[in-house]
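A.B. asks: what follows is a predicted structure for the sequence shown.
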Amino acid sequence: MAEKKTSPSGLGLPGVLFLIFLVLKLTDNIDWSWGWVFSPVWIPAVVAVVLVLVAGIVALINRMIDGGW
(Lines give C-alpha, C1' and ligand atoms only; values in the text may rest on other atoms or scores of the structure.)
Protein backbone atom coordinates (compact mmCIF):
# COMPACT_ATOMS: atom_id res chain seq x y z
CA MET A 1 0.00 0.00 0.00
CA ALA A 2 1.36 3.42 -0.93
CA GLU A 3 2.12 5.92 1.80
CA LYS A 4 -0.06 8.98 1.87
CA LYS A 5 1.97 12.19 1.87
CA THR A 6 0.55 14.95 3.97
CA SER A 7 1.56 18.55 4.17
CA PRO A 8 1.72 20.42 7.45
CA SER A 9 -1.25 22.61 8.14
CA GLY A 10 -2.44 24.75 10.97
CA LEU A 11 -1.51 28.03 12.54
CA GLY A 12 1.94 27.31 13.88
CA LEU A 13 3.45 28.93 16.93
CA PRO A 14 3.25 32.56 15.73
CA GLY A 15 -0.40 32.14 14.78
CA VAL A 16 -1.30 30.60 18.12
CA LEU A 17 0.58 33.29 20.03
CA PHE A 18 -1.17 35.99 18.00
CA LEU A 19 -4.60 34.53 18.78
CA ILE A 20 -3.75 34.28 22.49
CA PHE A 21 -2.50 37.87 22.59
CA LEU A 22 -5.54 39.07 20.63
CA VAL A 23 -8.01 37.40 22.99
CA LEU A 24 -6.14 38.74 26.03
CA LYS A 25 -6.13 42.27 24.56
CA LEU A 26 -9.81 42.20 23.59
CA THR A 27 -10.81 40.93 27.03
CA ASP A 28 -8.69 43.63 28.73
CA ASN A 29 -6.44 41.11 30.47
CA ILE A 30 -3.32 42.79 29.06
CA ASP A 31 -2.65 46.47 28.51
CA TRP A 32 -0.20 46.13 25.61
CA SER A 33 -0.08 48.28 22.52
CA TRP A 34 -1.48 46.76 19.34
CA GLY A 35 2.05 46.57 17.94
CA TRP A 36 2.99 44.01 20.59
CA VAL A 37 -0.24 42.09 20.11
CA PHE A 38 0.64 41.72 16.42
CA SER A 39 4.32 40.99 17.14
CA PRO A 40 4.04 37.24 16.49
CA VAL A 41 3.05 38.20 12.94
CA TRP A 42 5.61 40.91 12.16
CA ILE A 43 8.69 39.66 14.03
CA PRO A 44 9.21 36.58 11.77
CA ALA A 45 8.71 38.81 8.71
CA VAL A 46 11.34 41.27 9.96
CA VAL A 47 13.79 38.43 10.66
CA ALA A 48 13.26 37.07 7.12
CA VAL A 49 13.89 40.50 5.57
CA VAL A 50 17.06 40.96 7.63
CA LEU A 51 18.34 37.52 6.58
CA VAL A 52 17.72 38.31 2.91
CA LEU A 53 19.52 41.65 3.25
CA VAL A 54 22.51 40.03 4.97
CA ALA A 55 22.70 37.34 2.28
CA GLY A 56 22.60 40.02 -0.40
CA ILE A 57 25.37 42.02 1.26
CA VAL A 58 27.52 38.90 1.62
CA ALA A 59 26.96 38.04 -2.05
CA LEU A 60 27.84 41.60 -3.07
CA ILE A 61 31.04 41.58 -1.02
CA ASN A 62 31.96 38.17 -2.41
CA ARG A 63 31.44 39.46 -5.95
CA MET A 64 33.58 42.53 -5.24
CA ILE A 65 36.40 40.39 -3.82
CA ASP A 66 36.34 38.02 -6.81
CA GLY A 67 36.61 40.98 -9.20
CA GLY A 68 33.18 40.52 -10.73
CA TRP A 69 32.66 44.27 -11.08
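C.D. replies: Done, it's in.
A.B. asks: report the buried residues of stretch 27-47.
C.D. replies: For stretch 27-47, a neighbour-count test (16 or more other Cβ atoms under 10 Å) marks 37, 39-40 as buried. To be clear about C-beta, it is placed using only N, CA and C from the backbone, and glycine gets the same treatment.
A.B. asks: ugh, wrong one, stretch 10-30
C.D. replies: Across stretch 10-30, burial judged by 16+ other Cβ under 10 Å covers 17-18, 21, 25.
A.B. asks: name the nearest of those residues relative to residue 32.
C.D. replies: residue 25 (6.3 Å; Cβ to Cβ).
A.B. asks: and that closest one, what helix or strand is that in?
C.D. replies: Using DSSP states H and E, the element containing residue 25 is helix 12-26.
A.B. asks: check which element follows that helix along the chain.
C.D. replies: helix 34-37.
A.B. asks: that following helix: how far from the chain's middle?
C.D. replies: 15 Å (Cα atoms, centre = their mean, to the nearest Å).
A.B. asks: what of stretch 6-22?
C.D. replies: Relative to its parent chain, stretch 6-22 has a centroid offset of 12 Å by Cα atoms, centre = their mean.
A.B. asks: contacts for the helix holding residue 25, please.
C.D. replies: When contacts are defined by Cβ atoms under 8 Å, 6 or more residues apart in numbering, helix 12-26 is touched by residues 11, 30, 32, 34, 36-41, 43-44.
A.B. asks: about what we covered before: reformat the buried residues of stretch 10-30 as JSON lines; add pLDDT and distance to residue 3.
C.D. replies: JSON lines is the format used below for the buried residues of stretch 10-30 (pLDDT from 0 to 100; distance: Cβ to Cβ, whole Å):
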{"residue": "17", "pLDDT": "95", "distance to residue 3": "33"}
{"residue": "18", "pLDDT": "96", "distance to residue 3": "33"}
{"residue": "21", "pLDDT": "97", "distance to residue 3": "38"}
{"residue": "25", "pLDDT": "97", "distance to residue 3": "43"}
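A.B. asks: okay if I get those as CSV plus distance to residue 65?
C.D. replies: CSV is the format used below for the buried residues of stretch 10-30 (distance: Cβ to Cβ, whole Å):
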residue, distance to residue 65
17, 41
18, 42
21, 45
25, 49
